[in-house]
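Novice: Output the structure for:
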Amino acid sequence: MKKLLLSIAIVFLLLSCSTKIKVDLLVYNATIYTVDSLFSISEAMAVNDGKIVETGRASDLQGKYDAKEKLDAQGKFIYPGFIDAHAHFVGYGQSLFTVDLYDSKSMDEVVQRVKGFDSAHPNETWILGRGWDQNKFPGKTFPTNEELNKLFPGKPVLLERVDGHASIANDKAFELAGVKAGDKIPGGEIETKNARPDDPVGRGRLTGILIDNAVDLVSSKIPSPTPAKLKEALMEAQKNCFAVGLTTIDDCGLSHEAISFIDSLQKTGDLKMRIYAMLSDAKANYDFAFQKARLNDPVGQGKITTDRLHVCAFKVYADGALGSRGACLLQPYSDKPGWSGFLLSSQQHFDSVAKVIYDHGWQMCTHAIGDSGNRTMLTIYGKYLKGKNDLRWRIEHAQVINENDFKLFGDYNVVPSVQPTHATSDMYWAGERLGPERVKSAYAYKQLLEQNGWIPLGTDFPVEDISPFKTFYAAVVRKDSKGWPSNGFQMENALTREETLRGMTIWAAKANFEETEKGSLEKGKFADFVILDSDLVKEVPEKLLQVKVLKTFVGGEKVYEMK
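Specialist: Next up is the predicted model:
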């Protein structure tokens, strides 16, 4: 009798297993924030062929699915893979192999770091670095290149400011670029000291400072990296991004050659990161996109769409940055009377590229920081968008907005793509630049959210840190890591935790036309998700910056695990 009962039990077990649906992965014992329309929470998730099959109660899914791999999340917290809606993935990777100048407190410290890098890398033909910020130096004035000239008379040096909109170069770099004191360039500034009695030409002397378009005069002379070096840079960038839970990056402003290289690495399986790439505003890139549309892709308009690469947008620069006073303002800077910054190109140029982009059905994404830069681009956008639409043209940063212009985002469904850590990085000096009244409509994320009901969030790395948790903290708490200011920076424009999480996931996906395939953990979407040790939605503010990523998955594949 016992043998009979055992046989029946075995047969029943086999039959029940045979009726279960086979999947690749079953995750259970978790708190899963699906970030669906209801912001619902599940306990388990089934994954097959890189996509989500179902989310729900653990007992239901365990009874329904037969998984090749089962993952006990041990009560931890799962979110959709984070999407950085504005970053520079390629530039970040390359910066990892240059001089790290972030958080340097003086030009003397900058010089010491450069000396150390040169000693460690004596065969480099150029010394490149990034991250200095004169607002952290004594006196908050731009540095000069005298010491760089003394130390490196025969080797060119080019060091980018933290925002990428200004650089300091030594005389050797100027010599190679053919830049001389007194030279001028539209949309940029070549800083020159006043002529001296011992300066017979009367042109003055280059201080080393280049702003916006002037930087290109020197940077264009830097040799391109070899394919091997570029691959190494992208692999290192990918490793760091996966470690903080990023699964999709919007790379804002690339050449078509860089995009083709990314595509090649994704096809070989080396680059698993999903990339939403914007082509930069250059004739060669328009030719690449639209010639392809004419010759090979009459229906798709030349756009590139794979599971890991999406190209359907152009990145345009309206103005510079607030920190280097290149942002274009309607009224002069409060700390530099008579100076209002500048546009980087003519309004005719912006109008012409808007027409081309519109006519080809592509997305236009424009860097605009100052209130004049924003008004200029919103007006041009309105000319072509003509009211409500779903083209999702974007303003990148939307940093300083005139109080009368917020409504233009809603009138034309323009997407404000913002980076919350810019607010907490700039809050120490933004009031000095803008004055007490104008600063009130800067970094106004809540006001911008209200225009369309959704807002994508990013970091702008390597301008800021790559961490999504710093984005979350800056958007919700609006303080620095030491808890300053005690009441938060302009808290009327803080976002709720749900809004912030949506901005880092589903709304970022929507800004890329990708909301049907990623950004939430729902049936049919990519199984891109991250497991955290703490609950972002409930953790006390003081511990948000301590949240750790335990595992990161892309398409159901584990790409990172904390050691």
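Novice: By mean pLDDT, flag the weakest helix or strand of the chain.
Specialist: Ranking every helix and strand in the chain by mean pLDDT, DSSP states H and E puts helix 2-19 at the bottom, with a mean of 53.
Novice: Tell me the first helix or strand C-terminal of that helix.
Specialist: Note on helix 2-19: by DSSP states H and E, the next helix or strand toward the C-terminus is strand 21-28.
Novice: That following strand - what's its average pLDDT?
Specialist: Strand 21-28 shows a mean pLDDT of 98.
Novice: packing partners for it?
Specialist: strand 44-48, helix 58-64, strand 65-72 (3 or more C-beta pairs under 8 Å, 6 or more residues apart in numbering; DSSP states H and E). To be clear about C-beta, it is placed using only N, CA and C from the backbone, and glycine gets the same treatment.
Novice: can you rerun that using 10 Å?
Specialist: Here strand 21-28 touches strand 44-48, strand 51-56, helix 58-64, strand 65-72, strand 549-554, strand 557-561, going by 3 or more C-beta pairs under 10 Å, 6 or more residues apart in numbering; DSSP states H and E.
Novice: can you give me the helices in the stretch 351-500 of the chain?
Specialist: With helices called from DSSP state H, counting those that start in this stretch, the stretch 351-500 of the chain shows them at 371-385, 406-411, 420-426, 430-438, 445-452, 468-476, 497-503.
Novice: who wins for proximity to L158 among those helices?
Specialist: Between L158 and the helices of the stretch 351-500 of the chain, the tightest spacing by C-beta to C-beta is seen for helix 420-426, at 22.7 Å.
Novice: can you list the weak-confidence ranges in the stretch 1-150 of the chain?
Specialist: 1-18 (pLDDT under 70).
Novice: Now do the same contact list for the residue nearest to D133 when sequence neighbours are not counted.
Specialist: Closest residue to D133 apart from its sequence neighbours, by C-beta to C-beta, 6 or more residues apart in numbering: V162 at 4.5 Å. Counting by C-beta atoms under 10 Å, 6 or more residues apart in numbering, V162 touches 101-104, 130-136, 321, 323-324, 425, 462-464.
Novice: how close does V162 sit to F117?
Specialist: Distance, V162 to F117, using C-beta to C-beta, to the nearest Å: 17 Å.
Novice: Check F489 too.
Specialist: According to C-beta to C-beta, F489 and F117 sit 34 Å apart.
Novice: Same question for I83.
Specialist: Relative to F117, I83 is positioned 33 Å away (criterion: C-beta to C-beta).
Novice: where does the stretch 151-300 of the chain have low pLDDT?
Specialist: Counting by pLDDT under 70, the stretch 151-300 of the chain shows low-confidence ranges at 195-203, 292-300.
Novice: redo that, cut-off 90
Specialist: 162-164, 182, 193-204, 290-300 (pLDDT under 90).
Novice: what's the answer for the stretch 301-450 of the chain, then?
Specialist: 301-302.
Novice: G361 is in contact with Y384, isn't it?
Specialist: No - with contact defined as C-beta atoms under 10 Å, G361 does not reach Y384; the gap is 11.6 Å.
Novice: who's more crowded, these two?
Specialist: Neighbours were counted for G361 and for Y384 using other C-beta atoms under 10 Å; Y384 has more, 17 against 13.
Novice: Go ahead and confirm the more buried one touches H360.
Specialist: No - counting by C-beta under 10 Å, Y384 does not reach H360; the two are 11.9 Å apart.
Novice: and I32, which of the three is it?
Specialist: Following DSSP: H, G, I helix; E, B strand; the rest coil, the label given to I32 is strand.
Novice: was I right about it contacting E43?
Specialist: Yes - the criterion here is C-beta under 10 Å, and I32 meets it with E43 at 6.8 Å.
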